[in-house]
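*Asks:* This is a predicted model, with the sequence first.
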Amino acid sequence: MDLYEAFMNISVAAVSSAVALLLPALGEGVSERAGVLNIGTEGYMIIGALAAYYGYLGLESIWIGFLMAGVAGLILSWVHAFFTITLKRNQIVSGTGLWLFGMGFTAYLFRLVGITAVVEKLKVLAIPGFQEIPYFGSVFFRQNVVGYASFLLVPIFAIALHRTPWGLVNKAAGDSPLAADMAGHNVSMIRYLSIGICGIMAGLGGGYLAIGSLNRFSEGLTAGRGFIAIAIVIFGGWDPKRILGGALFFSFIDSLQLYLQAQGSVIPYPLLIIMPYVLTLMVLAATSKRAKNIPHKLGVPYIRGEE
C-alpha cells in the first residue's frame, strides 16, 4: 500500500468517525455559550449509545434507536440543568456525578440484560458527480445519511447562533445573564433549552457510535469522546465552523493511530492508544489562554439580581 492510498484510507475513516465528536461538540458549544459547562457530556453519550442499541434491537428500527438516544441524552442533561440552574449547584461537581452515573448505569444495565448482537450498518450513500472529485469526493461524499445530516448541521448551528435573535439571547445568557434578565428574557429557560440541546446532540453522538459506526455496544464505548468534544469546543472558540475543523483534526489523529496499530507499527500500541488524549491536553494547554470568545459567566450559576 503506497503512502497516498494509506492517507486516503485514514481520511475516509476520520471523516466518518468525526460525526461522533461533531454532534456532542455542537451541542456543548450551545450550552457553554449560555453559561453552562457540561462535564457530563460523556455520560450523555454513553446513555444515548445504550438507548440506541437496545432501541434498535428491540424495535428493529434504526431511526427509533436514534430517537431514543436523543431522548436519553435529553433526560440526563435536564438532571444536570435541575441541579445547576434550579438548585444553583456547582456545574463541575454535577457534571462529574452524571458522567460517573452514566458510565456505571450503562455497564450495570448492559450486564443485566445480557443481550449482545452486531446490528446492521448504515449504508454508504455516494453522491453522483461529487464522489468523482479528486480526494474530496471519495472522502466527504461517501458517507451515510447521518454523516451528511451532521455536517449540514454546522451551517444551521452557525446561522442560529450568529444570525438569529435566539442566538443573541443565548450568548447574553452566558456573557451577561443579568442584562438578559433585565431585558425581559428568562435566563433559566434559556439555559434549560441550551442544556437540552447539548443532551440531545450528545445522545445522538453516542447513538451514532453504537448503531451508526461501530454497530455494537460495549462498556465504556465512548472512550473519552465526551471530554474530547469539550476540548474541541474550546479549540474551536465556540464557533460551529471551527468546531467542525477540530472534530476532523482529532478524528484524523485517532484514525492514524488505529492505522498504525493495524500496520504493526514499531511504536508500542499503548502509546498509540493514548496519542489522541495526549494531543487533547497539548491543544488545550496551547489554546485555552488564547481563547477570546469564552463566555464571561461560563460555569457560574445565575442568581437573580446578582451579576
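*Replies:* Looks like it arrived, so ask away.
*Asks:* When you work out contacts or count neighbours from here on, use the C-alpha atoms and nothing else.
*Replies:* Noted.
*Asks:* Could you pull out the buried residues of the lengthiest helix in the chain?
*Replies:* Counting residues, the longest helix in the chain under DSSP state H turns out to be helix 3-33. Buried residues in helix 3-33, counted by 16 or more other Cα atoms under 10 Å: 9-33.
*Asks:* This protein: helices as residue ranges?
*Replies:* 3-33, 41-59, 62-81, 91-113, 136-140, 145-162, 165-175, 177-182, 187-207, 225-235, 240-262, 269-287.
*Asks:* Same list, the ones you listed, but as TSV with distance to residue 123 and mean pLDDT please.
*Replies:* What follows is those, written out as TSV (distance: least, Cα to Cα, whole Å; pLDDT from 0 to 100):
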stretch	distance to residue 123	mean pLDDT
helix 3-33	12	91
helix 41-59	16	95
helix 62-81	12	96
helix 91-113	26	95
helix 136-140	15	81
helix 145-162	8	95
helix 165-175	35	95
helix 177-182	45	93
helix 187-207	16	97
helix 225-235	24	92
helix 240-262	20	89
helix 269-287	28	79
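*Asks:* Out of the ones you listed, flag the one nearest residue 124.
*Replies:* Closest approach to residue 124 among these (Cα to Cα): helix 145-162, 7.5 Å.
*Asks:* between that closest one and helix 3-33, how many degrees?
*Replies:* Interaxial angle, helix 145-162 versus helix 3-33 (axes from the mean of the first three to the mean of the last three Cα atoms, to 10 degrees): 40 degrees.
*Asks:* helices or strands up against helix 145-162?
*Replies:* When contacts are defined as 3 or more Cα pairs under 8 Å, 6 or more residues apart in numbering; DSSP states H and E, helix 145-162 packs onto helix 3-33, helix 165-175, helix 240-262.
*Asks:* Can you list the buried residues in stretch 145-162?
*Replies:* In stretch 145-162, counting by 16+ other Cα under 10 Å, buried: 146, 147, 148, 150, 151, 154, 157, 158, 160, 161.
*Asks:* Columns distance to residue 45 on top of the residues you listed, output as CSV?
*Replies:* Converted to CSV, the buried residues of stretch 145-162 look like this (distance: Cα to Cα, whole Å):
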residue, distance to residue 45
146, 16
147, 17
148, 20
150, 16
151, 19
154, 19
157, 20
158, 23
160, 23
161, 23
